[in-house]
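Engineer: Show me how the following folds:
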Amino acid sequence: MSDRALAIGQVLADHFRHIHRTVMADTPMSNNALQVESIGFQLYADQVLGIVVTPWFMNLVLTAIPGQSLPEGRIGDRRTLPTPAGPVDFMIGELPDFGRLDTCSLFSPMFQFVDHQAAHDTAAAALDALMQGPPQQPVEPVAVSRRSLLRGKVRGGA
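Structural biologist: Got it, this is the predicted structure:
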């Protein structure tokens, strides 16, 4: 993993910790069993991708590598990022004192998580699945006789 990507994840976690302590503290939207954490921040497609977990949401986030910018877009519009698991839609946004931050909501609110470890494990599994793509279906071997092969037919009527 890139130190730059990890540093961006830490900046975002610090930002949301501040929000948790000030704006979101003791709100009914927050699951008090959870904390703020950045998970799996990495360079991907010339951008930084990771997951932010808070007591009130879990978002896949996408931001620019420092010194670069994300593709043009208006706040509130959607943009699609191709991933190994398929296309993912992000909402273009901006975070005060941070800048452009595109997000894809995974969970909100967060009451289905009994503790922070469950939220962390879910985020890590989601990111792994996103980066690995869909599971490959095993290919069943098909028995083919020489005669069927020459006639363009395989056993089983295919």
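Engineer: Quick check, central residue of the chain?
Structural biologist: By Cα atoms, centre = their mean, the chain has its centre lying nearest to L60, at 3.7 Å.
Engineer: State the pLDDT value of that residue.
Structural biologist: L60 is assigned a predicted lDDT (pLDDT) of 98.
Engineer: Relative to R21, how far out is it?
Structural biologist: Per Cβ to Cβ, to the nearest Å, L60 is found 24 Å from R21. Any C-beta I mention is one placed from the backbone N, CA and C, and that applies to glycine too.
Engineer: For the closest residue to T83 other than its chain neighbours, list the residues it contacts.
Structural biologist: Nearest non-adjacent residue to T83, counting by Cβ to Cβ, 6 or more residues apart in numbering: L130, 5.4 Å away. With contact taken as Cβ atoms under 8 Å, 6 or more residues apart in numbering, L130 is in contact with L60, T83, P84, A85, V88.
Engineer: Between all of those, which two are separated the most?
Structural biologist: L60 and P84 (13.7 Å; Cβ to Cβ).
Engineer: if we can go back for a sec, hang on, the residue nearest to T83 is in a helix, isn't it?
Structural biologist: Yes. Counting by DSSP: H, G, I helix; E, B strand; the rest coil, L130 is part of a helix.
Engineer: ok, it to M110 distance?
Structural biologist: Taken as Cβ to Cβ, the span from L130 to M110 is 19 Å.
Engineer: next one: T22
Structural biologist: Applying Cβ to Cβ to T22 and M110 gives a distance of 18 Å.
Engineer: in the chain, which spans are helices?
Structural biologist: With helices called from DSSP state H, the chain shows them at 3-22, 116-132, 146-151.
Engineer: possible to save those helices as JSON lines with mean pLDDT and distance to G99?
Structural biologist: Below are those laid out as JSON lines (pLDDT from 0 to 100; distance: least, Cβ to Cβ, whole Å):
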{"stretch": "helix 3-22", "mean pLDDT": "95", "distance to G99": "10"}
{"stretch": "helix 116-132", "mean pLDDT": "96", "distance to G99": "22"}
{"stretch": "helix 146-151", "mean pLDDT": "57", "distance to G99": "61"}
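Engineer: will you turn those into CSV that also has distance to I39?
Structural biologist: Supplementary listing: these in CSV, determined by distance: least, Cβ to Cβ, whole Å:
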stretch, distance to I39
helix 3-22, 8
helix 116-132, 5
helix 146-151, 51
